[in-house]
Structure formats: C-alpha cells, structure tokens
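Student: I'll drop the sequence and a predicted model, then ask my questions.
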Amino acid sequence: MKIQEIRMRHMEMRMKNPFTTSFGTMQDKPFLLIEVKDEEGNSGWGESVAFQHPWYAEETVGTNAHMIRDILSPLLVGKEISHPDEVSEIFGGIRRNNMAKSAIEGAVWDLYAKRNKMTLAEALGGTKDKIDVGISIGVQDSAEDMVETVRGFVGEGYKRIKMKIKPGADISIVRAVREAFPDVPLMADANSAYTLDDTDLLKQLDEFNLTMIEQPLAHDDIIDHAELQKAIETPVCLDESIHSLEDVKKAVELGSCRIINVKIGRVGGLTESKKIHDYCMEKGIPLWCGGMLESGIGRAHNVALTTLPNFILPGDTAGSSRYWEEDIIEPEVVAVDGEITVPTGYGIGYEPDIAKIEKYTVDQEVFAA
Ligand code: OSB
Ligand code: MG
C-alpha cells in the first residue's frame, strides 16, 4: 500500500473529572489525532498519547507535532509499504520520540488491518474476544475519599483497582482500602515518587497483598528497582522505565521487576509492543496494558493489543464514560463487569465519529505526497 497522506488534527477535549498523580493534576486534554490515507482513499487512525506537559515523559503535544510534521511524515509520505512493521524500520534512524512514532505507526496498523479485512486484534495475532479491565484511580486527599471512590468502581465490576499513591498519601490509604475490601485485587502506582531511602516505607505495603507496586522509583531507573525488588515481597511493575524491548531485557535480567505495564506510545508502537509481548511470554513475565487517558481511538488500540495471550493481568482500559461526556468513536468503549468485548469490525473496530472529531478539532495539518 502507498502512504498517500497524513492528516494531523490538534484536538482539545476536557475530561469529566480531574485526574491526579504524584506528578500533577490533569483535566484539559489536548492531543494529536492522526489519519493516514492510502492510494485508494482508505483511512487508518492513530492517537498520540503525549500529554501537554513533560511530567510523565519528556514528550509533549508540542514536541510530537514538530516530530510528526517536520521529521516523521516526510520519511513516510509517498512510500510504498507491504506491512506496518516496516514503519519502525523507516523511523529507525530517529532516536526516541516514541509517542510521535507510535501515533503514525498505529494509524498504519489500522489501515493495514482494514485493507486486509481483518480486525486489528487479528492482524496483531490476538486470541481473545473479551478482555479483562481494571481502573486507575487518581491520588485522593483522604483515606475516606479513596475508600468511597473504590467502592463505586468495585460496584461497577472492574477486575482490579489501582490506586495512585504519593508520599504522605500512601500506607494509611492502602490500609483503609484493604480493610474495606479484603478480597479485591488491589495495586498501587507511585509514578516515580520514591527513592531507595523509602525502602522501609515501601516494605510496609507487603502487608496488604497488593498484586504489584507500579514504578515506585525514578522514571529512568532500573538499577535501584532491582535493589528494591530484593527487599520487598510485593511484585514491582515497571511503567515509565520501559521504552523498548532492549529496556525490557535489561530489567528482566537484572530482576528490576516481575511484571511490565506496556503502553504502546511509550515503547514506540504496536510492532515493538508485540516484540515485548513475545519475549515476556517466553520469560514468564506477565503483562498488562496501561492507559494514557486516551480518547476512544487510543483506547481501541489498547483493546486490540490486550487480546494477545500474555496480557494476563487486567489493564487500565476503562470504558469511555470513565473519562468523557462523549467519546469520538461509535460505539463508545463499554466495560461491563470488568470486561470489554473486542469489536469485530475491521481495523480498530470502532468507527471514528467525524462530526464529533470535527467538534473537538482546533487545528489540522495535511502532509501529502
Ligand atoms: O502511570 O499509568 C500511569 C494516567 C496518566 C499518566 C500516567 C498514568 C495514568 C494512569 C491512568 O494510571 C490510565 C488510564 O486510565 O488511562
Ligand atoms: Mg503508571
């Protein structure tokens, strides 16, 4: 297929509720939406998961727009490719900027699946027709607030509950939730808020039978995490530290984690995600799919990836209504009793709703051959 045109939309949506992590609070959600067209006029859709500010990762909406406009689109537009795996080869000479690469690569995967009359899940080698999902709850001011918020989502049937923690809002909150819900699968995500000096504090979490603690230490570390994992029983899961299969290999060899959160954008796309999947399956490292507060387009890619067999643990792909008054796909992503039914339409399987997409588009640029 020939990559005829890449359209980049600057989107502005606002989440129903603010979402707080150890690094800050987000509610306005500017992001980039990518539509790739082939020579027959077919479209594939992708989403950049970069945020407005470089708090979670160094990439931002602004750096992604620059990379997509000035560096990546010129490399791809006009090219003839036979498989989306070739996109990461074409982008291979460009260092990092994984979220920008992934936004385009994801659109090419959707386009490829549609042309070949397959679901994206099938194109990736997925095997499930339903996926288990959990929910990620932002940092709460008090243990009471967290317990009540958790109660609501347990009632909706989510398969595991993730609580954001930060220094000063950690042990007492996790304790209160565990006491209120003795049997619910629980985990905590620190988004790099601690150091090895906090080992004694993090060890106190062992008491609460957490499925894992996600990214307790520095965003770019795998050495201290190995040290921490030796000192605590709770499995460590890496998020921010993993950008590639090479990072995964090093973390697994060093014992820096027992579980990995795969985010498609953070690792540079679906091709790299699949490589990580295959390696971790062989090594017995369970995976789950993380989230970046995406619109339905990004969520649809997460759903497809999660159909691969080693995505054993429930991911952060909650339903659209968790985030948005109205989503930009039809139908919206719906989680019932903690399960999402994988759509059967070709490509991402959800139809981009052009009228709603237009409503939230503030600017657009077209890169054509
Ligand atoms: O660390 O997984 C994270 C949201 C924003 C930035 C980082 C993270 C998160 C989440 C929410 O945990 C995931 C989601 O619901 O999409
Ligand atoms: Mg995380």
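Tutor: Received, thanks. Numbers count the residues shown, from 1 in each chain. Ligands and ions are numbered 1, 2, ... in the order given.
Student: can we go C-alpha only for contacts and neighbour counts from here?
Tutor: Will do.
Student: List of residues touching stretch 112-122?
Tutor: Applying Cα atoms under 8 Å, 6 or more residues apart in numbering, the external contacts of stretch 112-122 come out as 42, 44, 83-84, 109-110, 123, 127, 301, 303-305, 307-308, 343-349.
Student: To what extent is Asp206 buried, counted in neighbours?
Tutor: Residues within reach of Asp206, counting by other Cα atoms under 10 Å, total 15.
Student: next one: Arg115
Tutor: Neighbours of Arg115 (other Cα under 10 Å): 17.
Student: and it, how far is that from ligand 1?
Tutor: Arg115 sits 29 Å away from ligand 1, going by Cα to the nearest ligand atom, to the nearest Å.
Student: pLDDT value on that residue, please?
Tutor: Arg115 carries a pLDDT value of 98.
Student: Backbone dihedrals for it, please?
Tutor: Arg115 adopts backbone torsions of phi -60, psi -30, taken as degrees, to the nearest 10.
Student: ditto for Ile131
Tutor: Backbone geometry at Ile131, expressed as degrees, to the nearest 10, gives phi -120, psi 150.
Student: Next: Met146.
Tutor: The phi/psi pair for Met146 (degrees, to the nearest 10) is phi -70, psi -40.
Student: now do Lys230
Tutor: Dihedral angles (degrees, to the nearest 10) for Lys230: phi -70, psi -30.
Student: Quick check: Glu207 vs Ala231, distance?
Tutor: 14 Å (Cα to Cα, to the nearest Å).
Student: next one: Gly345
Tutor: Going from Gly345 to Ala231 by Cα to Cα gives 47 Å.
Student: for Gly138, same thing?
Tutor: Applying Cα to Cα, the value for Gly138 to Ala231 is 27 Å.
Student: Looking at the two now, which is surrounded by more residues?
Tutor: When Gly138 is set against Ala231 and neighbours are counted by other Cα under 10 Å, the residue ahead is Gly138, at 19 against 13.
Student: dump the residue contacts of Ala190.
Tutor: Thr21, Ser22, Lys164, Ile165, Lys166, Ile213, Glu214, Gln215, Pro216, Leu217.
Student: now, which of those residues lie within strands?
Tutor: Using DSSP state E, the subset of the contacts of Ala190 located in strands is Thr21, Lys164, Ile213, Glu214.
Student: Nearest residue to the middle of the chain?
Tutor: Gly291 (3.2 Å; Cα atoms, centre = their mean).
Student: Apart from its neighbours in sequence, what residue is nearest that one?
Tutor: Once flanking residues are discounted, Gly291 sits nearest to Asp316: 5.3 Å by Cα to Cα, 6 or more residues apart in numbering.
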